[in-house]
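Participant: only geometry, no sequence info:
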């Protein structure tokens, strides 16, 4: 099974001079795969723009009058705080990603992006499957329909890993057997169409795609997928991307962290509770008419 | 294994009076599943607009001056012929679809639509898998990387069906075993998180979603997916949808059939060839500088 | 000049029976223009879905397991609170809107919608211009580049209204003179192309369009355009639409009001300030490293 | 009035080394405005990708198996011929455009792009108006509701230019007078809010924006807007952009020219006519059931 270390960096274009916005930290990242999960990666293929490009577009909207009104980082914070999203759309990132199919299925839900995926109608998929590391083999949460509970251990963990490994290998063996134009003993056969044979492959097989997205939509993706409620496997990709964004547009990242990742939104009822708490009152969920779930989340903020 | 016949029609809202555009043929279709493949279906949940709604929007664009210039069907043909797509966006269709995951993966590439898919993070998938009917068990095409060749027969067909059936059942057995909070002998275990267990399931398992799309984007979907080059399994859904569209907006369907499905586009080189052929000349591919592939397609038009 | 009262309600389709989701309060609204500004209106042409349709789509995502877990309004509140936007995309609204061009230019920035606008290339625009009511004739804000200050009064108000009225009328007179195939004295002339003549018309002239949007994107529009920071003239349309949404999907509206319109988001720095304030500390902007603008907005929350 | 010659090239970032795909012909274009109409321009701000980037993404979709199957230009032609649009989405272009408002209103209808427009709520527009050159002052077409006929001449042309020039200048004078905090004699006044004053300005005033789009959507824009049926003024921008695309992605341009710009699509009825004509028959419109308009367009192809 080929591993991430064996994955050769893709040939980059020759070094060239440009007058486009250039970010040295991104140049250093170009082409080199960032390992994610057991066989996956993210590889930066291209980027357009930088923090200054966000400011440049915002300045067009605001016109000459505000040109010296505030410094660039302050303007970027202002844009983020007031949900002025179009200047962030002026930056673009192109990635090559290798990821399990079940992660790809979550990822593709973000529609405002460009995608070219490896086609199993045309080509044959590699024998590469995501098998969770032991520490990520989690039980179903008992409090949350969509969550994970404690880590599985002992015999149960071993059984699960056995199922995942054996079923993956057997499915792939049969995939190859169906595609093959010869039976194991050499007797010729026609070979099943690729577009049909692939349906035997489980959702932990790896696929690949090129994914291109503007910074506004990338940050929206990261807000949802780098969140602790996101499934661990897609979060691993989102967290790797967070590091890329920090390098690429540091001022936008700082604003995003402060106004999105670390931000908390209170509903009208939550604001009523807060106002009363700031006056020193003790407030119960009945006082403000919250449901049990809302109140649990409201209290969770202060922990 | 539950079958399509056992699938109960979803409860519809009570009969009500409306002043909205209403299409009796669509009312008759509401709620009843149209079977597709072995366990799939398309079910019309709601629709907005009709042929007259297309005309109504086009009349706003054209203003009062052209109100009597031509009849509705003629105007719809004109819009289709000249790629005036926005009036067709004024109609909307909402479907409930049950489909194999590998079909869902092709379908979701059409981004301009609204989707709510059954989530295997929250819920447990049913034991339903697509197993091709014998006549759809095709060999890989020998002339076309993405195509199908002859139908498999005899032992090879039996082997393939055996793999698909057995691997599906085994994968589902292990899915259940991993999810379960008890081992077969009753010993308690924690049970793997649903979001992890699902990755053992192959791409022929059925999923479900609500899919909502405007008529312009639906026709674009049908042009690509009801095409003979589309994979048979998604084409089966597209063809069922074609029947729905015929009932819903018959004038738009006629125009679509004439100007899209039955239309042929010739390149600049193709037009040069055509012009010379109409003058009675015999034209070769070298005469107009076409590649072998282009020429094959050009000749294919006349067969 | 035709007025809103003279605007005849558009002929509706005949009353028909339907099994689609139907909302009586919306049926009562169909076709009747809701006046906005001096000559504008919003007219409901069609709608798809209701509160139950949001729930229906969410139930597919969650599966049968949660069917009785909570009531519909509670589920809608949960979806809104957790930014699960796709179920709200299952409802759709179609409007006929008459609005000044400068409002149309702001409105069209919301890209995820379907639009058919009256075309001044094909047709001749009516002599209808937005002239602000005296109480909306506001001075430039002295504290905010994009805001309004006090209402103009006396001679200045009269001068401004004079400019707007006279320039509108003169521009329209010349528009007609350029289009005409005869000079005032009857001498024939060719008449300028409509697509050119229109460029003489100012941005307060009224245009019309059909606009179709899903509920998720409509709510996003309302959050930005029914906001006190939005320009009054587009806000007037947004506020009229808020009343429509209340009638259409009352549970979604309640959730939207509580979790969006009345909600407040605090940044990471804001949360630090809040935590310290709740402990009884007095916090200054330097303590949490906010800019002057951020601090002003933070303090504004408590007023 | 500032002219295009006086427009200073915007400061470019310093020359830097990059490993991104770089196109020398585009580097030469960066920052320098391409004049369009009397005061407009297109300025290339940034670009991502080249012909090789299209191929690179297509190779991922096709997998390793086809890597040497055909050369790059041939693959790009294949993609274009078969409407495989996603590889073209892997290239991105960012422009700074100065354009009359009535052109901007047509342009913005292309929704799949990113836009940051100069805001007349925040800033004051310049005194720059599009006044057609005499040869573009066309009469209304007598055969086509949306078209132009002969060029206006003599007194009529003079009258039209007089209206356009005088009304523009007067509207701008009054715009300034309304904004001003002093009357002409120096008496202080409050000054009308910018967001209101702008509504006095006609549609031939120039605005500016940053516009960012992927190559697939750019080509779609060019197909519609570089077409002879498009209004001359937006066509002028589209034609300037065609020259840019030729430099940027020459192989994609060639394919686009052959398969889109020079291509002709025949309906089912048109194909029936063609087939019979190729057999030497004389075909009338009644023979194939075309409308008068369709037949006129069908015959127009051969002229």
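Facilitator: Right, received. Where do you want to start? Model, not experiment: these values are computed from the prediction. Numbers count the residues shown, from 1 in each chain, chains lettered A, B, ... in the order given.
Participant: Now do the helices in chain A.
Facilitator: Remark: helices assigned in chain A by DSSP state H are A:24-29, A:51-62, A:72-81, A:101-107, A:154-179, A:194-197, A:215-225, A:232-248, A:250-256, A:268-278, A:285-288, A:292-301.
Participant: Would you format these as CSV with mean neighbour count and mean pLDDT included?
Facilitator: Placement of C-beta: from N, CA and C, glycine included. As requested, the helices of chain A are arranged in CSV below (neighbours: other C-beta atoms under 10 Å in any protein chain shown; pLDDT from 0 to 100):
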stretch, mean neighbour count, mean pLDDT
helix A:24-29, 15, 97
helix A:51-62, 22, 89
helix A:72-81, 20, 93
helix A:101-107, 22, 97
helix A:154-179, 18, 97
helix A:194-197, 25, 97
helix A:215-225, 21, 97
helix A:232-248, 19, 98
helix A:250-256, 22, 97
helix A:268-278, 18, 96
helix A:285-288, 14, 94
helix A:292-301, 14, 93
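Participant: Mind putting these into a markdown table with distance to chain C?
Facilitator: Below are the helices of chain A laid out as a markdown table (distance: least, C-beta to the nearest C-beta, whole Å):
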| stretch | distance to chain C |
| --- | --- |
| helix A:24-29 | 24 |
| helix A:51-62 | 7 |
| helix A:72-81 | 6 |
| helix A:101-107 | 12 |
| helix A:154-179 | 22 |
| helix A:194-197 | 27 |
| helix A:215-225 | 8 |
| helix A:232-248 | 15 |
| helix A:250-256 | 9 |
| helix A:268-278 | 3 |
| helix A:285-288 | 11 |
| helix A:292-301 | 7 |
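Participant: quick one: which of these is nearest residue B:192?
Facilitator: Ranking these by proximity to residue B:192 (C-beta to C-beta) places helix A:154-179 first, at 5.5 Å.
Participant: can the closest one be found next to chain B?
Facilitator: Yes: counting by C-beta under 8 Å from any C-beta of the partner chain, contacts between helix A:154-179 and chain B involve A:156, A:159, A:160, A:163, A:164, A:167, A:170, A:171, A:174, A:177, A:178, A:179.
Participant: Name the nearest residue to the fourth one, sequence neighbours excluded.
Facilitator: In space, residue A:163 comes closest to residue B:174 once its chain neighbours are excluded; the distance is 4.2 Å by C-beta to C-beta, 6 or more residues apart in numbering or on different chains.
Participant: Would you mind giving the domain segments of chain A?
Facilitator: Per automatic domain parsing, the structural domains of chain A span A:4-130+A:206-261, A:132-203, A:268-301.
Participant: ok, back up a step: could you dump the helices of chain A to CSV with distance to residue C:298?
Facilitator: Formatted as CSV, these follow (distance: least, C-beta to C-beta, whole Å):
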stretch, distance to residue C:298
helix A:24-29, 33
helix A:51-62, 22
helix A:72-81, 11
helix A:101-107, 36
helix A:154-179, 49
helix A:194-197, 57
helix A:215-225, 22
helix A:232-248, 26
helix A:250-256, 16
helix A:268-278, 13
helix A:285-288, 22
helix A:292-301, 17
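Participant: Which of these sits closest to residue B:55?
Facilitator: helix A:215-225 (35.8 Å).
Participant: thinking again about what came up before, so how far is residue B:301 from the residue nearest to residue A:163?
Facilitator: 51 Å (C-beta to C-beta, to the nearest Å).
Participant: In contact with the nearest residue to residue A:119 once chain neighbours are set aside, which residues?
Facilitator: Leaving aside its sequence neighbours, residue A:119 sits nearest to residue D:61 (C-beta to C-beta, 6+ apart; 4.9 Å). If you count contacts by C-beta atoms under 8 Å, 6 or more residues apart in numbering or on different chains, residue D:61 has them with A:116, A:117, A:118, A:119, A:122, D:84, D:86, D:87.
Participant: Low-confidence regions, the stretch 1-150 of chain A specifically.
Facilitator: Along the stretch 1-150 of chain A, the model assigns pLDDT under 70 to residues A:1-10, A:63-70.
Participant: Please enumerate the strands of it.
Facilitator: Per DSSP state E, counting those that start in this stretch, the stretch 1-150 of chain A carries strands over the ranges A:16-18, A:34-36, A:40-48, A:92-100, A:114-117, A:138-140, A:148-151.
Participant: could those be laid out in TSV, adding distance to chain D and mean neighbour count?
Facilitator: Converted to TSV, the strands of the stretch 1-150 of chain A look like this (distance: least, C-beta to the nearest C-beta, whole Å; neighbours: other C-beta atoms under 10 Å in any protein chain shown):
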stretch	distance to chain D	mean neighbour count
strand A:16-18	4	16
strand A:34-36	16	19
strand A:40-48	4	24
strand A:92-100	5	24
strand A:114-117	4	23
strand A:138-140	32	21
strand A:148-151	32	15
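Participant: Including distance to residue C:188, could those strands go into a markdown table?
Facilitator: Converted to a markdown table, those look like this (distance: least, C-beta to C-beta, whole Å):
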| stretch | distance to residue C:188 |
| --- | --- |
| strand A:16-18 | 59 |
| strand A:34-36 | 74 |
| strand A:40-48 | 56 |
| strand A:92-100 | 55 |
| strand A:114-117 | 55 |
| strand A:138-140 | 84 |
| strand A:148-151 | 82 |
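Participant: Include distance to chain C when you put those strands into a markdown table, please.
Facilitator: Shown next, in a markdown table, are the strands of the stretch 1-150 of chain A (distance: least, C-beta to the nearest C-beta, whole Å):
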| stretch | distance to chain C |
| --- | --- |
| strand A:16-18 | 30 |
| strand A:34-36 | 25 |
| strand A:40-48 | 20 |
| strand A:92-100 | 17 |
| strand A:114-117 | 16 |
| strand A:138-140 | 12 |
| strand A:148-151 | 17 |
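Participant: Residue of the stretch 101-250 of chain A closest to chain D, please.
Facilitator: Nearest to chain D in the stretch 101-250 of chain A, going by C-beta to the nearest C-beta, is residue A:123, at a distance of 2.6 Å.
Participant: and that residue, what are its phi and psi?
Facilitator: Dihedral pair for residue A:123: phi -130, psi 170, per degrees, to the nearest 10.
Participant: and the gap between residue A:164 and residue C:186?
Facilitator: 89 Å.
Participant: Ok, residue A:168 next?
Facilitator: Residue A:168 sits 88 Å away from residue C:186, going by C-beta to C-beta.
Participant: How about residue A:97?
Facilitator: Look at residue A:97 and residue C:186: by C-beta to C-beta, they are 72 Å apart.
Participant: now do residue A:280
Facilitator: Distance, residue A:280 to residue C:186, by C-beta to C-beta: 84 Å.
Participant: One more: residue A:142?
Facilitator: Computed as C-beta to C-beta, the residue A:142 to residue C:186 distance reads 89 Å.
Participant: Which one's more surrounded, those two?
Facilitator: Per other C-beta atoms under 10 Å in any protein chain shown, whichever of residue A:142 and residue C:186 has more neighbours is residue A:142, with 11 against 6.
Participant: Excluding covalently adjacent residues, which one is nearest to the more buried one?
Facilitator: Nearest non-adjacent residue to residue A:142, counting by C-beta to C-beta, 6+ apart: residue A:149, 5.9 Å away.
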